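**Q** Predicted structure and sequence below. I'll ask about it afterward.
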Amino acid sequence: MNRWLLWLPLGLFGLFFVAVAAGLMIPKDNVIESKMVGKPMPAFSLPAAIEQRPALSSTDLVDGKPKLLNIFASWCLPCIAEAPQLLELEKAGVEIHAIASRDRPEDIANFLNRWGNPYSRIGSDATSSVQLELGSSGVPETFVIDGKGIIVHQHIGDIRKENVPELLAILREAQ
Amino acid sequence: MIAEAGLIALWLAAGLALLQFALGAIGVRAGREEFYAAIRPVAVAQGVLVTLSFLLLIWLFLRSDMSVSLVVKNSASVKPLLYKFAGTWGNHEGSMLLWVTVMGLAGTCIALFERSLKTKTLVTTLAAQAFISLGFYAFLLISSNPFERMFPIPPDGQGLNPLLQDPGLAFHPPTLYFGYVGLSVAFSFAVGAMITRDVGPAFARAMRPWVLAAWVFLTLGITAGSYWAYYELGWGGWWFWDPVENASLMPWIAATALLHSVTVLATRDGLRAWTVMLAVVAFSMSMIGTFLVRSGILTSVHAFAVDPERGSFILALLAIYIGGAMALFALRVGTVKEGARFEFVSREGALVANNLLLSAILGIVFVGTLYPLVVEALTDEKLSVGPPYFNLATGPVALLLVAIMAAGPLLRWRKDNAKALLNRISIPIVVTAAALFLLVLLTTGMSVLSLLGMALAAGIAVASFAPLWKRNLRRTPMHTYGMVIAHFGIAVALVGMASESSFTEEKLVAAKPGDEIVVNKWKMKFEAIEPVAGPNWTALESRITAQYDGGKTVEVTPQNRMFASAQTQTSEAALLTRWNGQLYVVLGEGDAEGRWQVRAWWKPFVTLIWYGGILVALGGVLAIVGRLRRKYLQRRQKEYAELVL
């Protein structure tokens, strides 16, 4: 029996090898699935964040057309980084609404003047209450909402160049 | 031309490694002793060439040669010189080249300095070392050529991961690599000894300095890594049981066990099979650690240089080396004669207990680290195993281990008397009981684990010096001092850990300039927030003045840093160190009303954790110096005796 014991380390290593090899084969998705994906938007109504754009409420998101809901703030550095990607999406014909988190009208106006304004509606979420209801913990975050007000995708963090085609594909699928 | 020269040197070194392996393998198999003489110079030449290749890569980084793809991806001409230098190994290709370089140099050292081992075992060891190196040469030359050129030549590089731009971290990976590679030498020794059936005290004594050196580097690497995570990640914790941290901890645990069992083999010729197995496991853990980090198979906050294809390559190497060594173990160790026997209550008995408990901890960490991977492979469910599991599972075992650590050095070899032992450790036991009593009386809210840890630490601190009791301190060998200091270091670190986890005070506030923040006896004032610029970053810096217990006012400046070249933000914590702890301040996000999140911790005696780590490493250094000096003196004596005769 002692002799068989000597093979035990090799056996254990074999198990490790199989588990890891399997782990390497299985394609990995590092997407953190939100609890809100698949659920309808919570009801909310936010006042306009700047004069030039109308206010935003949850009913604006159920007009039959898929759209993006971007949560941003003028004080957020990655939001600057994702601004060109949002403009690109807008150019591609995507309707983008926004929630400005804990922000001031003049700061938002400055931010949009400087980095571009891809938004059709901007609601001001002064206390982050809507943001929290959406299960969003930081800025920037972007939700894909289908025409019926159901959240189909949550993008956490800034939108990079490579994310643009991904988001466009999800929007097309949500049609 | 530098890049081409580097690549040629690398190819030549790989060729020499093949020659070194062939000379050893054929020499030993066919019993051709004329091959034995050639293997030493080949090993030396291999070491020299691979070192040259690595130096050339460093040179490319220092010159910011933007025609080399690796430099472009990991450096930028605006980077400070230190980080250009460190950028050489702050990436996959460079770090793999560093790995084979250290392996090559280790081979050179064995070839030049190892004199006590039987020639046949030495030759087999060098062949095994070359065989391992060959896998990594193949890896470099086939899938990760560090010298690859890039066309067209871009105007500037993309920079280094900003988190890695830190003086401490510049030297953290090489330190760990020295440790890992040191263990590869122990592995080669074990393979060599198994093949020649030469497992005995001479083998143990030849292997011991390498194990000690590897262990010192790992200790330093882990200590430095823990401190880096503590101040750079801005979470205020010093150990997160993150997969990457565990990957560096597992080889250390195995090396610690090996360090103790090799002593039994060297002194008493016991634990033969077990020591060989540990030598194999220790390096296996290093390779598995590297694999887990590099393949990206485990998700981690550290995840860098991740690539599944490379993961498959390293996995194949793992299968060959670890699987091969373990099969060799199963086939050969049955024929290794059982070593000397001993009683349960004896120095050997305590060391066996040390080994079993360390193995248990290793098992717990290993299972916890890989469990999410296995579950995901089987059920598609994602989960992570966090500190609650690790702390709860390893804590009690570790406390038992340190309790045995207090008694072990006071036991005699082969056979001892339990009563006499109790007598010898009566003072530490009284100290532990007194500390426990005082802690229960004077403190509130300590967890059972911290309470026991703190009390035990007091006892061990006393017990660790007991081996010096009634001894002539000038004639006590240096390695005994090494053990004393290392064990004392464990006690010091344990106090730091228990204190940090029990007495830390935290404050999280949204502060405007002018606001006051109080944590423990620290009174802080948020003075201002202003932009500052560094060589390749800009930051928002908050000026906060802090005063401890009405003392002198000091300024701290935590920052939010934005790196231009990689579009990444990092949080730079500000630390104020006092003899009795550290104030740790982090600047968070701002909001619309001009308030900023400020998070402050007062962590009493937290620095002891790292001072303890340094003491442990220092103990290791003393042990190496002591052992090597003794070896040298013995050889001199022998030569002298031969001369006289």
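**A** Nice, thanks for sending it over.

**Q** what helix or strand does residue B:125 sit in?
**A** Using DSSP states H and E, residue B:125 sits in helix B:119-138.

**Q** could you give the mean pLDDT of that helix?
**A** Average pLDDT, helix B:119-138: 91.

**Q** cool, stretch B:287-305 as well?
**A** 64.

**Q** What parts of the stretch 301-450 of chain B come near chain A?
**A** Residues of the stretch 301-450 of chain B lying close to chain A by Cβ under 8 Å from any Cβ of the partner chain are B:308, B:311-312, B:315, B:318-319, B:322-323, B:326-327, B:329-330, B:333-334, B:370, B:373-374, B:376-377. All C-beta spots, glycine's among them, are computed from the backbone N, C-alpha and C.

**Q** if we can go back for a sec, what about the helix holding residue B:125, near chain A?
**A** No. Judged by Cβ under 8 Å from any Cβ, helix B:119-138 stays clear of chain A, getting no closer than 15.7 Å.

**Q** Next, the buried residues of that helix.
**A** B:120-137 (16 or more other Cβ atoms under 10 Å in any protein chain shown).

**Q** And for stretch B:487-506?
**A** For stretch B:487-506, by 16+ other Cβ under 10 Å, it's B:487-504.

**Q** what do you get for stretch B:594-602?
**A** Buried residues in stretch B:594-602, counted by 16+ other Cβ under 10 Å: B:595, B:596, B:598, B:599, B:600, B:601, B:602.

**Q** ok, those residues vs residue A:100, which is closest?
**A** Distance to residue A:100, by Cβ to Cβ, is smallest for residue B:595 among the buried residues of stretch B:594-602, at 16.8 Å.

**Q** Residue A:151 belongs to a strand, doesn't it?
**A** Yes. Applying DSSP: H, G, I helix; E, B strand; the rest coil, one finds residue A:151 inside a strand.

**Q** now the residue nearest the centre of chain A, what's its secondary structure?
**A** Nearest to the mean C-alpha position of chain A, by Cα atoms, centre = their mean, lies residue A:155 at 2.3 Å. Put simply, residue A:155 is strand when judged by three-state DSSP.

**Q** so what's it closest to, chain neighbours aside?
**A** residue A:142 (4.3 Å; Cβ to Cβ, 6 or more residues apart in numbering or on different chains).

**Q** All the helices of the stretch 101-250 of chain B, residue numbers only.
**A** Along the stretch 101-250 of chain B, the stretches classed as helices by DSSP state H, counting those that start in this stretch are B:119-138, B:167-170, B:172-195, B:201-232, B:243-268.

**Q** Let me have those helices in a markdown table, adding distance to residue B:443 as columns.
**A** Shown next, in a markdown table, are the helices of the stretch 101-250 of chain B (distance: least, Cβ to Cβ, whole Å):
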| stretch | distance to residue B:443 |
| --- | --- |
| helix B:119-138 | 51 |
| helix B:167-170 | 33 |
| helix B:172-195 | 35 |
| helix B:201-232 | 24 |
| helix B:243-268 | 29 |
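
**Q** So which of these is the most surrounded?
**A** Among those, helix B:172-195 has the highest mean neighbour count (mean count of other Cβ atoms under 10 Å in any protein chain shown), at a mean of 26.

**Q** got the phi/psi numbers for the residue nearest to residue B:32 when sequence neighbours are not counted?
**A** Counting by Cβ to Cβ, 6+ apart, residue B:26 is the residue found nearest to residue B:32 once chain neighbours are left out, at 6.5 Å. The phi/psi pair for residue B:26 (degrees, to the nearest 10) reads phi -70, psi -40.

**Q** Quick one: neighbours of residue 41, just the number.
**A** The chain I'm using is chain A. Number of residues near residue A:41 (other Cβ atoms under 10 Å in any protein chain shown) recorded here: 22.

**Q** not what I meant, chain B
**A** Neighbours of residue B:41 under the rule other Cβ under 10 Å: 13.

**Q** With the one 3 residues further on instead?
**A** By the measure other Cβ under 10 Å, the count of residues near residue B:44 is 20.

**Q** Check which helices and strands the longest helix along chain A sits against.
**A** Longest helix in chain A by number of residues, with DSSP state H as the criterion: helix A:8-25. The helices and strands touching helix A:8-25, judged by 3 or more Cβ pairs under 8 Å, 6 or more residues apart in numbering or on different chains; DSSP states H and E, are helix B:272-295, helix B:308-318, helix B:324-332, helix B:347-379.

**Q** Now the last one: buried residues?
**A** Within helix B:347-379, the residues that qualify as buried by neighbour count (16+ other Cβ under 10 Å) are B:347-355, B:357-362, B:364-366, B:368-370, B:372-374, B:376-377.

**Q** could you say what helices and strands that helix packs with?
**A** Under the contact definition 3+ Cβ pairs under 8 Å, 6+ apart, helix B:347-379 sits against helix A:8-25, helix B:243-268, helix B:272-295, helix B:387-407.

**Q** What's the mean pLDDT across it?
**A** 86.

**Q** Let me know whether residue B:508 touches residue B:597 as I believe.
**A** Yes. Counting by Cβ atoms under 8 Å, residue B:597 is a contact partner of residue B:508 at 6.9 Å.

**Q** circling back to that earlier point, quick one: which of the helices and strands packed on helix A:8-25 is nearest residue A:117?
**A** Of all the helices and strands packed on helix A:8-25, helix B:308-318 comes closest under Cβ to Cβ, at 40.3 Å.

**Q** how distant is the closest one from the center of its chain?
**A** From the chain centre to the centre of helix B:308-318 is a distance of 22 Å (Cα atoms, centre = their mean, to the nearest Å).

**Q** now do stretch B:106-126
**A** Centroid displacement of stretch B:106-126 relative to its chain, using Cα atoms, centre = their mean, is 25 Å.

**Q** distance between the ends of it?
**A** Terminal residues of stretch B:106-126 lie 10 Å apart, using Cα to Cα, to the nearest Å.

**Q** my guess is residue B:533 meets residue B:541, correct?
**A** No. Residue B:533 is beyond contact range of residue B:541, at 10.0 Å (criterion: Cβ under 8 Å).

**Q** Which of those two has more residues huddled nearby?
**A** Higher neighbour count among residue B:533 and residue B:541: residue B:541, with 20 against 10, using other Cβ under 10 Å.

**Q** Can you pull out the low-pLDDT segments for chain A?
**A** Along chain A, segments meeting pLDDT under 70 span A:1-2, A:25-35, A:137.

**Q** could you pull out the helices for chain A?
**A** Assigned by DSSP H, chain A shows helices spanning A:2-5, A:8-25, A:77-91, A:105-115, A:129-133, A:163-173.

**Q** by contact count, what packs against the last one?
**A** Secondary-structure packing of helix A:163-173 (3+ Cβ pairs under 8 Å, 6+ apart): strand A:67-72, helix A:77-91, strand A:141-145, strand A:151-156.

**Q** next one: the third one
**A** Applying 3+ Cβ pairs under 8 Å, 6+ apart, one finds that helix A:77-91 contacts strand A:67-72, strand A:96-101, helix A:105-115, helix A:163-173.

**Q** Find the one among the helices of chain A with the highest mean neighbour count.
**A** By mean count of other Cβ under 10 Å, the helices of chain A have helix A:77-91 as the most buried, with a mean of 19.

**Q** Could I have the CA atoms of that one written out in CSV?
**A** In CSV, the C-alpha atoms belonging to helix A:77-91 read as follows (Å, rounded to 0.1, in the frame of the first residue of the first chain):
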residue,chain,number,x,y,z
LEU,A,77,-11.8,61.8,-15.6
PRO,A,78,-12.7,58.6,-17.4
CYS,A,79,-15.8,60.3,-18.7
ILE,A,80,-13.5,62.6,-20.7
ALA,A,81,-11.8,59.5,-22.1
GLU,A,82,-15.0,58.0,-23.3
ALA,A,83,-16.4,61.2,-24.8
PRO,A,84,-15.1,60.6,-28.3
GLN,A,85,-16.6,57.1,-28.3
LEU,A,86,-20.0,58.4,-27.3
LEU,A,87,-19.8,61.0,-30.1
GLU,A,88,-19.0,58.2,-32.5
LEU,A,89,-22.0,56.2,-31.4
GLU,A,90,-24.2,59.3,-31.8
LYS,A,91,-22.9,59.7,-35.3
